[in-house]
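> Pasting the sequence and the predicted coordinates here, then a few questions.
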Amino acid sequence: MPVVTSSVDVSSDLYRDNRAGLLALLEEHDEQLALVLAGGGERYVERHRARGRLPVRERIEALLDRGAPFLELSPLAGWGSSFHIGASIVTGVGVVSGVECVIIGHDPTVKGGSMNPVTLRKNLRALEIARVNRLPVVNLVESGGADLPTQGDLFVPAGQIFHDLTQLSALGIPTIALVFGNSTAGGAYVPAMCDYAVLVAEQAKVFLGGPPLVKMATGEDADDEELGGAAMHSQVSGLADYFAVDELDAIRIGRQIVADLNWRKLGPGPSRAADEPVHDPGELLGIASVDLRAPFDPREVIARVVDGSRFDEYKPSYGTSLVTGWASLHGYPVGILANARGVLFMDESKKATEFILLANQSQTPLIFLQNTTGYMVGRHYEQSGMVKDGAKMINAVTNSGVPHLTVIMGSSYGAGNYGMCGRAYGPRFLFSWPNSKLAVMGPQQLAGVLSIVARQAADAAGRIFDEAADAEQRAAVEAQIERESHAFFNTGKLYDDGVIDPRETRTVLGIALSAVHSNVVEGTRGFGVFRM
Amino acid sequence: MAPFHRLLIANRGEIARRILRAAQAMDLQTVAVFSDPDRDAPVVAEADCSVHLPGATPRDTYLNVDALVGAARASGADSVHPGYGFVSESAPFARACQAAGLVFVGPEPAVIEAMGSKVEAKRVMAAAGVPVLDGVTVTSDLADPKLAAAGDRVGYPLLVKAVYGGGGRGMRIVRSGADLGPAVGAAQREAAAAFGDGTVFLERFIESPHHVEVQIVGDTQGSVVHLFERECSIQRRHQKVIEEAPSPAVGPELRAALCAAAVSAGAAIGYTNAGTVEFVLDSEQQFWFLEVNTRLQVEHRVTELVTGLDLVQLQLQLAQGQALPPEARDARLHGHAIEARLYAEDVPAGFVPAGGPIHRLVIPSDDGVLVDAGYVDGSTVSTDYDAMLAKVVAWAPTRADATRRLIGALTRAELDGPPTNRDLLVRALSSDDFDAGDTDTGFVERHGGGALGRSPLDDDEVQVHAVAATLAVRERDGAGSPLPRGIPLGWRNVGRADQPVELVGDRGTVRVVCSGARDRLGVSTDGVQLAGVRLWSVTSEHVDVEVAGVRRTVRVHLVADDAYVQSPRGASRWRVSARFPLPSVGAMAGSLRAPLPGRVVEVMVHPGDRIREGQPLVALEAMKMEHTIQAPYDGTVAELHVANDSQVQLGQVLLIVEPDRKGDADG
């Protein structure tokens, strides 16, 4: 396989500007992460500790194997909303007793670990990742239940948590609940819907109704321990399979349960040489455009992500706005589709379609590196069937059976987002670089379109077009779209699984690829490969 | 005496291998014997064939005359080399061999018998004009006040010694009349257990003498010659740990006198084969006869290195009736040789014998260094026998060079297993006193006793060792990951990994946290962040780590939860604490546990007894030594879990002492 030659000039102004811009963005990202790490703030964390309890991240650290990596998902969930950043829950993929698991842990220092609509979305996304990749789930439960003021947006959809937990079980994907504290009302169903439940002595509270509610409902006097303590559930109700004397004991038991799952990954293991890229991944900061109007050669990115910088390009001279080819990442063979000059034309669409079909023939996972402004518009293109060719690509992406991983490394505009396997197209994992932007179209274009439509409306009505008002309107729209295109905004809305440092792309994709191979890797077949 | 062809080696450990090699060099066929714990001993594989001695205790195996003679018969051996220890000085065994038509490699049984009784030996030597110390035998009817009178007659300090003993077993120093009774009792018990005869005698004790012995060899034609002296003064618990030849305390004139006395001693008893005449030498250069060892000595190697002779081959030749060869008759001293005995023992805890698997035993034996080891990688040191791992012997033209070579070999030795006395040996050899030849028997005590065994590492180096061990543990644990190897260990996209590794070492517990990966590695020990830590590489053998600008390659050997760490400055051992200790109910307060595995020889209290701090409660015999469990405080015996003759495991609760509450003692 040929090694990509790089022509990056690290002394160029463009490189330096990009690097400075990305470092600034990463600093902002780190500031946001610091807020996430602080949980409910020092006061609440101290209060939690004073009660002899571990913060959720320490629970996770103890649960994980020593030295195991942990890929946290959607850390900035709720960014830009009224909810606490991080959404009072931590989710991620990590290794427990030698098994890659999805870990879902409430953060009881944030409003008692209660669930709001963003918490729910983050929780459900983690369960979805567990389902599609066939990863066992470990829940670290301590939640005050629904965030009542938001129950209108929460109550009905929240039922899906229990639905998904038992559905996972039906699929043979183990689910484990380690209950450290409150797991009451609907929350009581989390340990109940899991295959295994471990309750911590004198901390776990698992009941449908607490003492006041019972008193109100039936007049009965009962205390917490009688209604839902670990001892009661271990000895009387049988809801708890294991009684843990303390938090660490619960984690020890949880690790033992995973060790005893007799778990086997169904996908093939890495099969290629997994050497580091020849070119320095650190240079990705100078390669990725901060000003997205400047396109960049995705081969420079590929050369800093894949094993040994080796890349076997498919149809290199056809549909050159899209780069396709084969490589391996941490030893896993992959197919890569990467936008080169933003726009997807007919040839690019057909090339992408063929390449996706080939990957399905060879059961090879696909990686989409997005930097797209969308499918080409204009008379010639419409008349030449641009929509039909774009549809072929979207069809292929949708019905492809091999795992897809997507990284938004620049623009993600218009139907390009769809064709390049955006969120709605079910990539197993989707990550964004902090410089990325995602919207139906670019801010200037969108504002311009609105302006033209308004001018036409004014003309049609015979009104005089207010140029000043238009300029003001355009600026306002541009600013709004700019804001809504921002990577933090999109990650806050769970439109991706997290913003990542471009330099860590290889590691993130490696963990993701390893996770997807927990499930079978199977292409869709039934037709021969259509030569478009 | 006819030539023989097939030699049974009636011993174990390093000496069995040593004899085996000499026999093989002489093209003799070899037969090894092995007890249950020694089933995988290296000598078994190395010998032409071997015979099982069922059982584990010395009494059932290597001391079992019938079994040994049976083994010789079964294997068709025509000769037996007893080595040292065990049956090497057993006249009944030598006789049994002769009766069975086997050549016994050693002196005549009558000589063994005469010299086996220290009292008789002294009588014979005094008659031959060899200077001896006065002594009194403690007969069974000798009890107070006669015993006290005998003690007074010999004078204090005095030594209680087993009449048929050796190797420090059954020996006690008594400094005042009050201690005499208990010391005699303990020595009698120990002697009875070790030698089958509990008779002891009292002898004047020379303070801090040198212990000098002369190697003699005699042939059946009546010639006895000496092969110069050995200095064997550095001892712990009356067992030699460092020996050398020639003695730094002996000049040419004294040497001539000592050697002449030894030869006349040998001639007086018609000595044949190899033996040793031991003397004590005081600071005035006066010497007295101590005893004759009618066998090969552990420390025979130093004599070999300074004379160029092979003593075991010489023994085998003499046993076949050959005359002393000219090279033995005209032996010359050449250079200087020093031997260190490497023991598995916990020195700082008071030289407590240690056992367990040896995961690695590599002692560099190049450059004038010779190693006799009874163990190989994977051997287990059984507490049934003496815990000597190996003898390391260095030769050089000068004493100083030999010392340096020996220190180098000991320092570089890879000893991954039970604790050893390596640090004690290195400290002793590196001391000014050793350099000056001040190697009297008080050496170890004078240098702090067990404290002489403390680690040579300073706190910074210990910290580096802990960090290296942690990095190795992290690497090993990470290798069990289902993720591709290229994913950095402990990688996080949010925050930093915080997974402490708790290591328990000789100097306490260290908590090490390694977070981040590659060039962003952060390490803290006990909550203090270390500056400039960079991990260059980790292999299954080494951790190449930089701390505060200094890069070191540290050897780290992980065996389950044990980490053996070694850098050029020294070694450390760590136990990696379990991440999740199993919740369990701790032992009751006041439990007194067995400090080592062994047999209870005497329970001195009953349940309900009121006891005072320091009072002896239980006597425990382990490794042929008697250990006394004393009351840690005033109190009452609440529970007694053992009786006389109970076998106990390390850490087993022996009894529970309920401490007095404040005020109880007054009321």
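Thanks, I have the structure now. Numbers count the residues shown, from 1 in each chain, chains lettered A, B, ... in the order given.
> Okay, now stretch A:324-334: how far is its last residue from its first?
With Cα to Cα, to the nearest Å as the measure, stretch A:324-334 spans 11 Å from end to end.
> and that stretch, does that touch chain B?
Yes - counting by Cβ under 8 Å from any Cβ of the partner chain, chain B is contacted by stretch A:324-334 at A:330-332. To be clear about C-beta, it is placed using only N, CA and C from the backbone, and glycine gets the same treatment.
> and those as JSON lines, adding neighbour count and pLDDT?
Formatted as JSON lines, the residues of stretch A:324-334 next to chain B follow (neighbours: other Cβ atoms under 10 Å in any protein chain shown; pLDDT from 0 to 100):
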{"residue": "A:H330", "neighbour count": "24", "pLDDT": "98"}
{"residue": "A:G331", "neighbour count": "19", "pLDDT": "98"}
{"residue": "A:Y332", "neighbour count": "26", "pLDDT": "98"}
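> Among those, which one sits closest to chain B?
The shortest gap between chain B and any of the residues of stretch A:324-334 next to chain B belongs to A:H330, at 3.6 Å (Cβ to the nearest Cβ).
> Pull the contacting residues for the spatially closest residue to A:P365 that is not a sequence neighbour.
Excluding the flanking residues, the one nearest A:P365 by Cβ to Cβ, 6 or more residues apart in numbering or on different chains is A:P403, at 4.4 Å. By Cβ atoms under 8 Å, 6 or more residues apart in numbering or on different chains, the residues touching A:P403 are A:133, A:365-366, A:428, A:513, A:516, A:519, A:521.
> A:V200 too?
Residues near A:V200 by Cβ under 8 Å, 6+ apart: A:178-181, A:230, A:244-247, A:249-250.
> Return the subset of the residues you listed lying in strands.
Judged by DSSP state E, the contacts of A:V200 include A:178-181, A:244 as members of strands.
> Between these, which sits nearest chain B?
Among those, and counting by Cβ to the nearest Cβ, the member closest to chain B is A:A244, at 8.7 Å.
> That closest one touches A:L199, doesn't it?
Yes - A:A244 lies in contact with A:L199 (Cβ atoms under 8 Å); the separation is 6.6 Å.
> So for those two, which residue has more residues nearby?
Shown here are A:A244 and A:L199; by other Cβ atoms under 10 Å in any protein chain shown, A:L199 has more neighbours (31 against 25).
> bridging residues for that one?
For A:L199, the beta-bridge partners under DSSP bridges are A:V179, A:F243.
> is it true that it touches A:P191?
Yes - contact status for A:L199 versus A:P191: in contact at 7.2 Å, counting by Cβ under 8 Å.
> Which neighbours do those two have in common?
A:179, A:206, A:239-240.
> What about these, which are in strands?
Checked against DSSP E, the shared contacts of A:L199 and A:P191 include these in strands: A:V179.
> Could you point out the longest helix of chain A?
Identified as the longest helix of chain A according to DSSP state H is helix A:13-37.
> quick one, domains of chain B?
B:6-105, B:134-204, B:210-453, B:459-576, B:591-659 (automatic domain parsing).
> Chain A: which of the ones you listed is closest?
With Cβ to the nearest Cβ as the measure, domain B:459-576 is the member of those nearest chain A (3.6 Å).
> neighbour-wise, which of the ones in strands among the contacts of A:V200 leads?
Neighbour counts for the ones in strands among the contacts of A:V200 (other Cβ under 10 Å) peak at A:V179, which has 31 neighbours.
> Thought A:V141 was touching that residue, still the case?
Yes - between A:V179 and A:V141 there is a contact under Cβ under 8 Å: 4.5 Å.
> so what sits against both of those two?
A:190-191.
> returning to that earlier point: redo the contacts of A:V200 as JSON lines? Include pLDDT.
Shown next, in JSON lines, are the contacts of A:V200 (pLDDT from 0 to 100):
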{"residue": "A:L178", "pLDDT": "98"}
{"residue": "A:V179", "pLDDT": "97"}
{"residue": "A:F180", "pLDDT": "97"}
{"residue": "A:G181", "pLDDT": "95"}
{"residue": "A:A230", "pLDDT": "94"}
{"residue": "A:A244", "pLDDT": "94"}
{"residue": "A:V245", "pLDDT": "92"}
{"residue": "A:D246", "pLDDT": "94"}
{"residue": "A:E247", "pLDDT": "96"}
{"residue": "A:D249", "pLDDT": "95"}
{"residue": "A:A250", "pLDDT": "97"}
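> Tell me who's in contact with B:Q615.
Residues in contact with B:Q615, defined by Cβ under 8 Å, 6+ apart, are B:605, B:630-631.
> Same question for B:G129.
Counting by Cβ under 8 Å, 6+ apart, B:G129 touches B:S264.
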